[in-house]
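*Asks:* Prediction below, plus the sequence it came from.
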Amino acid sequence: MKSTLFKSLLLILFIPVCLKAQIKLEKKGFLDNKIELSVPADFKPMSAEMLDKKYPNRNQKPNLVLTDEDAEVNIVISLIPQPIKPEQIGAFKDFQINSLKKMHPDAKWMNDGVRAINGKNVGYFKFISNAVDQTVFNYYFFTDLDGKVLLLSFNCTEKLLPKWKETAESIVSSLKVTAN
């Protein structure tokens, strides 16, 4: 009886460790190797059809979207032609948050800030918003690249957040800008 209970407890404790260990990250270069980011090894570029469906406005189409096979977890990379200097990252963050709060008044805001990542000022904010049929966790992070805004985001369905929360932090912390 005690042995069975002990084995059951071990199994319950071991399952979350196994789930976390399944998300293997690998370093990859993007935007002509101007940035490096650790991303899940099994993520692939989003298909052109799905990209057109999710981003119908040509002016807002990202440079690249990496996604899992179910398109429930995404990493978005965009180089926006808006000029920015490193010291303007905090103001850009505040502007983006205010704009998004108007577009998504029902969003649940988690936190925001500016921090140094691999020698760069990186602004970030996290929030949960409503999509058509579910809620989505959004983690935006951005810096300057060649005098323009480098905007990246990680998003997943809210139900997947417990599995992906630490991995999202690892992805953001891995950002390296190799050109400027």
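*Replies:* Happy to help now that I have it.
*Asks:* what residues does the strand or helix carrying residue 76 touch?
*Replies:* Using DSSP states H and E, residue 76 falls within strand 73-83. Around strand 73-83, the neighbours that count as contacts under Cβ atoms under 8 Å, 6 or more residues apart in numbering are 30-31, 35, 37, 39-40, 43, 46, 62-68, 145-157, 160, 164, 171. Placement of C-beta: from N, CA and C, glycine included.
*Asks:* For PyMOL, what selects the buried ones among the residues you listed?
*Replies:* Listed next is the PyMOL selection for buried residues among the contacts of strand 73-83, using 16 or more other Cβ atoms under 10 Å:
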select buried, resi 30+31+35+37+39+40+43+46+62+65+66+67+68+145+149+150+151+152+153+154+155+156+157+160+164+171
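*Asks:* For residue 34, which non-adjacent residue is spatially closest?
*Replies:* residue 179 (4.1 Å; Cβ to Cβ, 6 or more residues apart in numbering).
*Asks:* Where does that neighbour sit: helix, strand or coil?
*Replies:* Here residue 179 is recorded as coil under DSSP: H, G, I helix; E, B strand; the rest coil.
*Asks:* who touches residue 90 in this structure?
*Replies:* 114, 121, 123.
*Asks:* where do the strands sit along the protein?
*Replies:* Using DSSP state E, the strands of the chain run over residues 25-30, 35-40, 44-45, 64-67, 73-83, 108-117, 120-130, 135-145, 148-157, 176-177.
*Asks:* Quickly run through the sheet partners of the second one, with directions.
*Replies:* To tie it back to what came earlier, the one meant is strand 35-40. Each strand paired with strand 35-40, and its direction, by DSSP bridges: strand 25-30 (antiparallel), strand 176-177 (antiparallel).
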